[in-house]
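Peer 1: Task: produce atomic coordinates for the following.
(3 chains)
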Amino acid sequence: MKLFLKVWKQDGPQTEGRFESHVLDGVSEDSSFLEMLDQLNEQLLEEGKEPVAFDHDCREGICGTCSLNINGFAHGPENSTTTCQLHMRKFEDGDTITIEPFRAKAFPVIRDLVVDRSAFDKIIQAGGYITVRTGSAPDGNALPVPKEDADLAMDAAQCIGCGACVASCKNASAMLFTSAKAGHLNMLPQGQAEKDSRVLNMVAAMDEAGFGNCRNYGECSAACPKDISLDYIAKLNRDYAKAKIKKVFS
Amino acid sequence: MNLDSKIPEGPLSDKWENHRFSSKLVNPANKRKFKIIVVGSGLAGGSAAATLGELGYNVDCFCYQDTPRRAHSIAAQGGINGAKNYQNDGDSVHRLFYDTIKGGDFRSREANVHRLAQNSVNIIDQCVAQGVPFAREYGGLLANRSFGGAQVSRTFYARGQTGQQLLLGAYSSLSRQIASGQVKMHVRQEMLDLIVVDGHAKGIITRNLSTGELKVWTADAVLLCTGGYGNVYYKSTNAIGCNVTANFRAYRRGAGFANPCFTQIHPTCIPVSGDHQSKLTLMSESLRNDGRVWVPKNVEDCGKAPSEIPEDARDYYLERKYPSFGNLAPRDISSRSAKEACDEGRGVGPGGRGVYLDFEDSINRLGENVIRERYGNLFEMYERITGENAYQRPMRIYPAIHYTMGGLWVDYNLMSTIPGCFVLGEANFSDHGANRLGASALMQGLSDGYFVIPYTIGNYLTTISPGGIDPDGEAARQTMESVKERVSQLVSAKGKRSSRSYHKELGQIMWDYAGMARNEPGLKKAIGQIQDLRDDFNKNLLVTGTGEEYNMELERSGRVRDFIDFGELLCRDALDRNESCGGHFREEFQTEDGEATRNDEDFAHAAVWEYKGEGEIPARHEEDLKFEEVKLAVRSYK
Amino acid sequence: MSLYNRLVMQSSLIKKYIMALTGIVLVGFVFVHMAGNLQVLLGQEAINAYAHALQNLPAPILWGSRLFLLVCVVAHAVTAYQLIKENRAARPQSNEVEITKRAGWSSLRMGLTGSLMLAFIVFHLLHFTIRTIYPEYNDLKTTVGSPDGSEIHDVYSMILAGFRIDAISVFYVFCMFLLCRHLAHGVSSMFQSLGLRSESWRCKLDFAASAYGWIIFIGFSIIPVLVLAQKYGLVNCLDTCGSSCSVNL
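Peer 2: Prediction:
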């Protein structure tokens, strides 16, 4: 395959970015999108040029490191797919592909297509945990969890923290991420003790990080490689309202 | 080299309890005076950093990823063993211990493995309390499945993402400590050297991958939780970033490296499709429950579509060679058989490196829906990667490097031969011997981090006074100088070849001569080729950009350079281990029908390598393994 | 203001609750308004009597409701402005290629349709309620529909007079289309913002929201459309023959 690539280049967080165009020939249909970029970088090296920086690690769709906005879509046009699992057979010979970083104020560009997603860590640090001392846990079967609740919690817990929800949202809202993380714990009996403080603190951290507001149009869920449902956003809205009311009247 | 394993006295089942009691305690008021560095944030590092922070130590945790939650523990699929006996099927701590020792082909320490089995029970409780959404039965209690040929159901799982969920559990605990200020997290930082003062580990030097800044970090103890070295083969199921640099740097500073030749190969991976491929993807072994493995009998048929090859022209070689286990033969055996078939030229798919895993019979017998229910997500993944529909034509599979049992040598306290330098998880060598059983890697990482190191680190800390060393002092400065020199050497390399091309070439050498099957001439040849590759690397490497910026090429070059040296060490270890055991199969040591022949007389030991300087042949030491509880037996799967 | 800041402005979710709660009020209001309007079809007497009754509600109720509605509109608009401002700041650089997988035109253009609706509300009040655009509408008086035979404001004639101007009718219908699109997203979205929607119900709610939008659109638009249609002789269903009607179509 021969491809025409339009790739975002940016030297650092403070500098202006620009697009650079490259022609890449001899791309195998069987290669993944990131392998295609590897090939581009090898070609750039041969030409004595700087390679394009991009984030990637496990390349099997679970670590959440890879990002990339491909032709306007976070992780590319395929549903339920991370960039590393997107294969070139989904493109046509001669296609022009525009590759941009995940764009959000809360995700500043480090270089080229690499962005800093540590704002997500801040949200987790605000309350995305259950306080349990190592060694102090009761027996695993001491607290039964209805299978349905466990399954729903697992649906939310699958989130890989890639940030596609933020990148696909026109408002760069992190509601899907925050709600999945809070929802997973709030749904389990173990997570009840800290439920109210968890939602209040996580939402506060989310707001503080500079993410936008949820507009309920569902682009996040459509872009999510793990198909996290908007139900968790509804649940967060509900849990937050309850927690806030309790707080105001206590 | 002092290889005192410090195994406690007493009967096997009391050793850990005795050791915990006799271990020195650090006064709570003193804990905050000690500073501990944790390198790596996977299951071992994340759980260790969280727990030590919770105990009151000052912890600095480092990872090369952009957040601790991305460590490659996240990719583990199957599950985690726990000797809970919830199924009432006869499981016990002792049985898990025995299965692990036997699975490791009797090349691990009894006391360590027994402790692992004991801790497995606590791990499950801990993770449940953290909110890990393990699979449940309808009654709300934890579900189990059997795994890895064990005769009991003791594997706890969270769909096919157990590693992810356990890691997120550890990460949430770690995040709590980060929020409290007890742990300071340093992301996108790569450890480039270990600072050793008077023989004790006192800090590390890191490179900030975003800015290129080199920095000295001092501490009273350093924990390396840096994972395995599977990427020495270039293509493996590891993440692209996984590397041996931290461990190898510690080895160069005096830490013994044990059993580097013990590598595990997973039989059911998606085969290589071409030169572009950067990584191999694992599919759960459970596929072999319903799939039949075959290759064409005749080399001429290999190019044909599988449906055109008649039944009598197919060779179901596992069923033929191992009639009682058939397609369920253990990982190492079925991997080797696939390689043999392909070596005979009967492999299928691109490059002839693949065998068929055929579901036709199962689909005819059970219906497509049943197969879809059991393996739907795997078939989907296969189609995404290969573009082929496995309901209509057989899957192609091939073995791939998956896990490395070898690692830095540690004693019972998880301390390496450098006092103050501890090694946890896949990075150490201690618990899996020559072969790891399924669902045991997660167990080991969490056992080391949550339940071992918090007790054993006190034995070291009480022997030193807190405060570390002066970060501007002589020792730190010297180490920093050597790191700077190394980085500037790499960054000034303006040859013609990219580091990736060297990594690929190294991987090919390793796979060809030190992969599934090894022999003396091959290993000697590999060592020669690796040495030539190193010379070429030193002359012709090309690194673009500078050291003071985000520079992927520089990062990779440093890692590949260490892999080259390490690859040679691995081959030397494989060459000197004149037996076949577990993942290490030497063609010279097999029975007439191709089974591994272990040599307990001469090799019931861990081989520990000591660095002797650049270009020098490392020294081989031995730690004898004493088996008091179990009898050494031959593994047979006929 | 500081209390408002403390309670509302600090939390993105509270802003969303305000949008949803004021949205519910306004959604309800447009329905009642539409139902009232449709009495035009029943003839001069019905609509005049209805309008007269509304205007003669006890002052606390009349002005209380008006104030309440005003507060809702203002809160809805001000909060929307805040949200949009924050949203723009959260995504300072847009993509080279802007494209969506699921979000449709209406959900992406709530700010646009909302702003135009706000402008429309101002115009509409000046047009028919305060009547500063055409002060002569104040002089339309009749006894038809009057409860006690005294002269009352002839709302029926005013509507006919208002909509017989082509541009105004077209503008009203256009604005009702915008309202329809605004509702199509808003009605379903407010349930989500309040945490009362689930994915299994989303399709049904989206359908209901869209249907509601179209009902409102048709209900409001039918009057200007009929007025114009009658003006151009296409239909003859609005009663303009009676002696009491002062508008000729």
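Peer 1: any idea where the helices of chain A begin and end?
Peer 2: Taking DSSP state H to define them, one finds helices in chain A at A:33-46, A:118-125, A:147-157, A:164-168, A:175-186, A:195-208, A:219-223, A:231-248.
Peer 1: now for the ones you listed, which one comes closest to residue B:51?
Peer 2: Of all the helices of chain A, helix A:118-125 sits nearest to residue B:51, with 17.0 Å by C-beta to C-beta. C-betas here are computed from N, CA, C, even on glycine.
Peer 1: Show the average pLDDT along the closest one.
Peer 2: The average of the pLDDT scores along helix A:118-125 is 98.
Peer 1: How far away from the center of its chain is it?
Peer 2: Offset of helix A:118-125 from its chain centre (C-alpha atoms, centre = their mean, to the nearest Å): 12 Å.
Peer 1: Tell me, how many residues neighbour residue 103?
Peer 2: The chain I'm using is chain A. 21 (other C-beta atoms under 10 Å in any protein chain shown).
Peer 1: wrong one, chain C
Peer 2: The burial count for residue C:103: 21, using other C-beta under 10 Å.
Peer 1: hang on, the earlier thing: which of the helices of chain A is buried the deepest?
Peer 2: helix A:164-168 (a mean of 30; mean count of other C-beta atoms under 10 Å in any protein chain shown).
Peer 1: Now that helix - C-alpha only, CSV.
Peer 2: Extracted in CSV, the C-alpha atoms of helix A:164-168 (Å, rounded to 0.1, in the frame of the first residue of the first chain):
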residue,chain,number,x,y,z
ALA,A,164,-10.1,8.5,23.9
CYS,A,165,-13.3,9.7,25.7
VAL,A,166,-11.7,13.1,26.3
ALA,A,167,-10.2,13.3,22.8
SER,A,168,-13.4,12.4,21.1
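Peer 1: Out of the helices of chain A, the one nearest chain C is which?
Peer 2: Proximity to chain C (C-beta to the nearest C-beta) singles out helix A:231-248 among the helices of chain A, at 2.8 Å.
Peer 1: Save the helices of chain A as a markdown table, and put in distance to residue B:186 too.
Peer 2: Formatted as a markdown table, the helices of chain A follow (distance: least, C-beta to C-beta, whole Å):
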| stretch | distance to residue B:186 |
| --- | --- |
| helix A:33-46 | 26 |
| helix A:118-125 | 11 |
| helix A:147-157 | 26 |
| helix A:164-168 | 24 |
| helix A:175-186 | 23 |
| helix A:195-208 | 20 |
| helix A:219-223 | 30 |
| helix A:231-248 | 31 |
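Peer 1: OK, now which residue of chain A is nearest to chain B?
Peer 2: When scored by C-beta to the nearest C-beta, chain A has residue A:144 as its residue closest to chain B, at 3.0 Å.
Peer 1: Minimum distance to chain C, which residue of chain B gives it?
Peer 2: Residue nearest to chain C within chain B: residue B:384 (18.1 Å; C-beta to the nearest C-beta).
Peer 1: so who does the residue lying closest to that residue once chain neighbours are set aside touch?
Peer 2: Excluding the flanking residues, the one nearest residue B:384 by C-beta to C-beta, 6 or more residues apart in numbering or on different chains is residue A:85, at 5.7 Å. With contacts defined as C-beta atoms under 8 Å, 6 or more residues apart in numbering or on different chains, the neighbours of residue A:85 are A:32, A:60, A:61, A:225, B:384, B:385.
Peer 1: Verify the contact between residue B:20 and residue B:452 for me.
Peer 2: No - applying C-beta atoms under 8 Å, one finds residue B:20 not in contact with residue B:452, separated by 9.7 Å.
Peer 1: Counting neighbours, what do you get for the nearest residue to residue A:10 once chain neighbours are set aside?
Peer 2: Distances taken as C-beta to C-beta, 6+ apart place residue A:17 nearest to residue A:10, at 3.5 Å, with adjacent residues excluded. Residue A:17 is flanked by 17 other residues according to other C-beta under 10 Å.
Peer 1: how close does residue A:17 get to residue A:111?
Peer 2: Residue A:17 sits 10 Å away from residue A:111 when distances are taken as C-beta to C-beta, to the nearest Å.
Peer 1: what does residue C:27 give?
Peer 2: As judged by C-beta to C-beta, residue C:27 and residue A:111 stand 48 Å apart.
Peer 1: okay, these two: which has more neighbours?
Peer 2: Counted by other C-beta under 10 Å, residue C:27 and residue A:111 do not tie: residue A:111 has more neighbours, with 24 against 18.
Peer 1: Is that one bridged to anything, and to what?
Peer 2: Beta-bridge pairing of residue A:111 under DSSP bridges involves residue A:114.
Peer 1: Kindly report the same for residue B:62.
Peer 2: With DSSP bridges as the criterion, residue B:62 is bridged to residue B:39, residue B:186.
Peer 1: ok, now which ones touch it?
Peer 2: Residue B:62 is in contact with B:37, B:38, B:39, B:40, B:41, B:186, B:187, B:189, B:191, B:204, B:206, B:217, counting by C-beta under 8 Å, 6+ apart.
Peer 1: Contacts only, for the residue sitting furthest away from the middle of chain C.
Peer 2: The C-alpha centroid of chain C is most remote from residue C:96, which lies 36.2 Å away (C-alpha atoms, centre = their mean). For residue C:96, the contact set (C-beta under 8 Å, 6+ apart) comprises A:6, A:8, A:19, A:72, A:98, A:100.
Peer 1: Check residue A:58 too.
Peer 2: Each residue near residue A:58 by C-beta under 8 Å, 6+ apart is listed here: A:65, A:84, B:70, B:72, B:74, B:75, B:239, B:240.
Peer 1: Count the residues that sit near the third one.
Peer 2: As a burial measure, residue B:70 scores 29 neighbours (other C-beta under 10 Å).
Peer 1: Does it touch residue A:66 like I think?
Peer 2: No - between residue B:70 and residue A:66 there is no contact under C-beta under 8 Å: 10.3 Å.
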